[in-house]
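Asks: Need a 3D model of the sequence below.
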Amino acid sequence: MPPGVRRRALVVLLASVTALATGGSALAGSGGLLPPTPHSPNAHRIIDAYVFILVFTGIIFVLVEGALVLFAVRYRRGRRARTVEGPQIHGATRLEIIWTVVPVLILAAIGTFVFYKLPGIAGPPDANAADETNITVEGRQFYWMFHYPNGAVSIGVMVAPAGQVVHEAVVSADDDVNHSWWVPNLGGKVDAIPGRTNHTWFEGPAGTYIARCAELCGLQHAAMTAHVALVSRSDYDRFIAQRKADASGVALGKEEFDYVCSSCHRLDTTYVGPALRNNPLIHDRKGIESILRKGVGQMPAVASDWTDAQIDALIAYTDTFKKHGG
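Replies: Okay, here's the model as predicted:
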């Protein structure tokens, strides 16, 4: 095979492999190059900016790496003796101007597009006050707690109205650490910082979306997941009314156990902490309250500022183990 044909075949092969790898990753969705499917206007804009930048940087990568391979093949030593100098390439003014101006234009295009998209990411769309909802998202080691306008609380599962603007105030307890609230389908990451309130928003269709902490916050950071359940406005209003009326009920207690206790404990096996099913403390309100509020050993004070009703809710749920022979 002639050298020129061989070089072209090599370049085509490398370009094809790169295209197939990139295409396969893109088709993998959230498991590859592309983020999860957006379901909120701000999330759509984030992905638009991501794809725009991905295309530009992908083209640059292919061109640079392709040129690198091409020059490595074209100017290889080959049969030339080691003591013989290779071809001497001197400056080319036009080429130098091109590779200076083109990157500037690329960065200008990326910057212009990002700043065009940014207002729609940071600022919610205009909406009637009656169609807006405010929810406070509080990051704790190692769970998320949600506070609703009427004083109701949920843990691990945020319930919000679908198809309406939801404003989120994102905070972290004063005695806690930094966290980062992230619902990939509904928008970007927002830091939860002690002593500071950050804000974000979303507006999405009915469904359940996975949330997680995107800031390394400690031993069980990976277990700090949550869910956002978008329901009809009537179902949302009913939920927060029922939760307010039954502030110490089993429903909240189950959330506390599933999203707080289960971060480090299992019922029947040792996990990060000891098994709980046969531990007498889980039925002892005074004992469990002391541990939750003050911590013990390596266990942090996960409920230092929980209300008495929240403690009662957890006891109400753990008592169901006893009723079922646990």
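Asks: and after the least confident helix or strand in the chain by mean pLDDT, which helix or strand comes next?
Replies: The weakest-scoring helix or strand in the chain, judged by mean pLDDT, DSSP states H and E, is helix 3-27 (a mean of 58). Note on helix 3-27: by DSSP states H and E, the next helix or strand toward the C-terminus is helix 41-74.
Asks: For the stretch 101-250 of the chain, which residues score under the pLDDT cut-off?
Replies: For the stretch 101-250 of the chain, the stretches with pLDDT under 70 are 127-131.
Asks: Residue 267: how many residues sit nearby?
Replies: Residues lying near residue 267 (other C-beta atoms under 10 Å) number 16. Using the backbone N, CA and C atoms, a C-beta is placed for each residue, glycine as well.
Asks: Are we agreed that it is in a helix?
Replies: No: secondary structure of residue 267 (DSSP: H, G, I helix; E, B strand; the rest coil): coil, not part of a helix.
Asks: For the helix or strand harbouring residue 234, C-alpha coordinates in PDB please.
Replies: In this assignment (DSSP H and E), residue 234 forms part of helix 233-245. What follows is helix 233-245, C-alpha atoms only, in PDB (Å, rounded to 0.1, in the frame of the first residue of the first chain):
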ATOM      1  CA  ARG A 233     -51.900  21.100  43.000                       C
ATOM      2  CA  SER A 234     -54.900  19.600  44.900                       C
ATOM      3  CA  ASP A 235     -52.800  16.600  45.900                       C
ATOM      4  CA  TYR A 236     -50.000  18.900  47.100                       C
ATOM      5  CA  ASP A 237     -52.400  21.000  49.200                       C
ATOM      6  CA  ARG A 238     -53.900  17.800  50.600                       C
ATOM      7  CA  PHE A 239     -50.400  16.400  51.500                       C
ATOM      8  CA  ILE A 240     -49.100  19.500  53.300                       C
ATOM      9  CA  ALA A 241     -52.400  19.800  55.200                       C
ATOM     10  CA  GLN A 242     -52.400  16.200  56.300                       C
ATOM     11  CA  ARG A 243     -48.700  16.300  57.200                       C
ATOM     12  CA  LYS A 244     -49.300  19.500  59.300                       C
ATOM     13  CA  ALA A 245     -52.300  17.800  61.100                       C
END
